[in-house]
Structure formats: structure tokens, C-alpha cells
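# sequence plus predicted model, see below.
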Amino acid sequence: MDRLELARVLKAARARIAPEEVGLPTGPRRRVAGLRREEVAQLAGLSVDYVVRLEQGRGPQPSLQVLTALTRALRLETDERDQVFRLAGSAPPLAGRVEMSIRPSVLRLLQRLTDLPALVLSAKSDVLAQNPMADALLGDLGRRSGRQRNIIWQRLLGAGSGRVALSPEEDAVTAQQAVGSLRTALSRYPHDPDLRSLVDELLAGSERFRGMWEEGRSTTWRSMHKTINHPDLGPLVLDCDTLLLPDTDQSMIVYSAAAGTREASALDMLRVTGTERMDATR
């Protein structure tokens with residue numbers, strides 16, 4: 001691990017990012033170029049002290065999960081990401097593994113969707129990023145760590161589907177899609193250890209997952225309607241469209257409503273009140 005060079009690279013990467021690029025307010029008192037350490041820590045789900053120690057060349061060797069979170073928060077291109085992994089004494093992600101980094105161009109697109117909730121999922125359904133509207137609609141899923149970022153694990157072994165309300169019919173359809181999407185991912189990435197570990201954990205811990213897995217069906221996430229039980233706005237029936245990013249096997253999920261509906265008015269209100277609340281907590 002080259003601590004001093006890693007510190008230099010991380011500080012330089014932080015200085016290149018404008019706050020508005022990651023959905024953070026600029027503010028009149030900003031005295032540093034780019035992001036503050038506190039903001040990088042917030043985006044990566046790390047403690048400020050941990051980021052400070054890394055940038056001072058005195059931190060511990062970061063885990064693969066920490067490196068993935070840091071390079072995603074700093075919006076590094078593939079070559080830059082791989083450099084950070086090597087400087088930290090770890091092998092970069094290999095070809096044939098599920099891609100957990102998001103291209104900067106996709107992150108820019110996500111942030112430009114200011115009037116619609118949107119999030120990006122990995123091939124195994126980890127929440128990789130979401131825009132402020134998705135934070136306001138669904139809660140801040142992206143700040144979870146480890147398995148808790150995976151919506152299939154959350155549904156079957158964790159806290160459930162969160163604010164997504166499912167009728168028995170929707171539950172049956174989406175559960176099959178969830179299991180089928182993992183089968184599809186495993187067929188594409190048979191040597192990915194984290195994907196294999198996720199499947200093994202679900203097989204051991206969820207009888208429902210095991211039963212559907214043994215049916216042997218493969219599928220992908222489909223566009224559909226979803227009901228979101230928002231704590232302030234009540235139940236919202238929204239169109240939920242899945243946009244595929246084929247070169248990375250990632251998906252962008254976008255929620256919308258037809259003009260003139262109660263849901264469209266609710267999204268308009270959420271755009272103001274919800275995102276203001278998110279800014280106030282930053």
C-alpha cells in the first residue's frame with residue numbers, strides 16, 4: 001500500500017468535483033476547490049475521520065467495499081479507479097465480475113433528472129446511486145452498506161420492501177423477477193464471489209427464495225406500476241420504467257406519473273418539499 005501516493009490521488013480527485021455535480025449545494029462560504037472531506041465521506045458512507053486519515057497518508061488499508069464506495073463517490077473513470085485499488089494494495093475489479101462502479105456520464109444523467117425519481121442498480125440489484133428525488137420518494141437507500149444495499153436481500157432477509165407496497169399479485173410477479181434476475185446474473189458472472197455468496201445466503205435463509213430458485217427461471221426486471229407508501233403524501237401509484245445500461249449490465253429505474261394525475265401533483269410537491277428536506281439534513 002502506497003499511503004502517500006494514495007492520499008495525493010484522493011485529494012486531487014476530490015478537488016476536481018464541483019458540488020453541483022453530485023447534487024450538493026454550493027453555498028457562499030465554500031473556500032476549497034471541489035468537495036469537502038465531509039462531503040466525500042457522506043457520499044461514500046464513511047466516517048469523516050476515516051477520509052481524513054486516508055488523505056493524510058496514515059489510514060489503515062481500505063477494504064474492497066471501502067475502495068468501491070470511495071471511487072464511486074469520486075466519480076473515477078475505470079483506469080483511475082484501478083489506480084486507486086493498486087495504490088491501496090488491492091487488485092482492481094476483474095473482468096467477469098459484476099460492475100459496481102458507475103460511469104461518470106451515467107451519474108451526470110442521474111443528477112440531471114431533477115423532476116423524476118431515479119436510481120441505478122447493479123446486475124445483482126445493489127443500489128449504486130440515486131438522485132435527490134429518489135431520496136425524497138423512497139428514503140436514502142444508497143447510504144446503506146454491504147448487503148443492506150441489495151434490494152433482493154432486503155426484501156427476503158432484511159427489512160422488507162421499504163416504502164414499496166405490493167399487492168399479492170404484484171408480490172408474486174416481482175419476487176419471480178427478482179429471483180430470475182439473480183439467475184441471469186449468475187449465468188453471466190459465474191465466478192463473481194460476492195454474487196455467489198449472495199445467492200448462497202438467500203438459499204440458506206429464505207425458503208421462498210429457495211423454492212423459486214429451484215424452478216430454474218431466468219428473467220430481467222420489467223417496467224410496471226408500483227405503489228409507494230410515502231409517509232407524508234400517502235400511497236402513490238407510479239409508472240416504474242427500467243432503462244438498461246447494457247455495457248455494464250446496470251439498470252436505471254425511473255418513477256413517473258401521467259400529467260394531471262394526483263401522483264403527478266405529488267411528485268411536483270415532492271420536488272420542492274422533499275428535496276428541501278434532504279438539503280436541510282446535509
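Everything's here; your move. Source: prediction; values computed, not measured.

# could you name the helices and strands sitting against the longest strand belonging to the chain?
The longest strand of the chain (DSSP state E) is strand 234-245. Packed against strand 234-245 by the contact rule (3 or more Cβ pairs under 8 Å, 6 or more residues apart in numbering; DSSP states H and E) you find strand 224-230, strand 250-256, helix 262-269. For the C-beta atoms, the positions are set from N, CA and C on the backbone; glycine is no exception.

# residue ranges with poor pLDDT in the stretch 151-282 of the chain?
160-161, 217-223, 274-282 (pLDDT under 70).

# cutoff 80 now
159-163, 165-170, 216-224, 246-247, 273-282 (pLDDT under 80).

# check the stretch 1-150 of the chain too.
20-33, 65, 91-96, 140-146.

# that one: helices as residue ranges?
Under the criterion DSSP state H, counting those that start in this stretch, helices of the stretch 1-150 of the chain are mapped to 3-15, 37-44, 48-55, 64-73, 78-87, 104-112, 132-138.

# now the ones you listed as JSON lines including distance to residue 241 and mean neighbour count?
Below are the helices of the stretch 1-150 of the chain laid out as JSON lines (distance: least, Cβ to Cβ, whole Å; neighbours: other Cβ atoms under 10 Å):
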{"stretch": "helix 3-15", "distance to residue 241": "33", "mean neighbour count": "17"}
{"stretch": "helix 37-44", "distance to residue 241": "26", "mean neighbour count": "20"}
{"stretch": "helix 48-55", "distance to residue 241": "35", "mean neighbour count": "17"}
{"stretch": "helix 64-73", "distance to residue 241": "23", "mean neighbour count": "21"}
{"stretch": "helix 78-87", "distance to residue 241": "27", "mean neighbour count": "17"}
{"stretch": "helix 104-112", "distance to residue 241": "14", "mean neighbour count": "16"}
{"stretch": "helix 132-138", "distance to residue 241": "13", "mean neighbour count": "23"}
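
# so which of those gets nearest residue 208?
helix 132-138 (23.0 Å; Cβ to Cβ).
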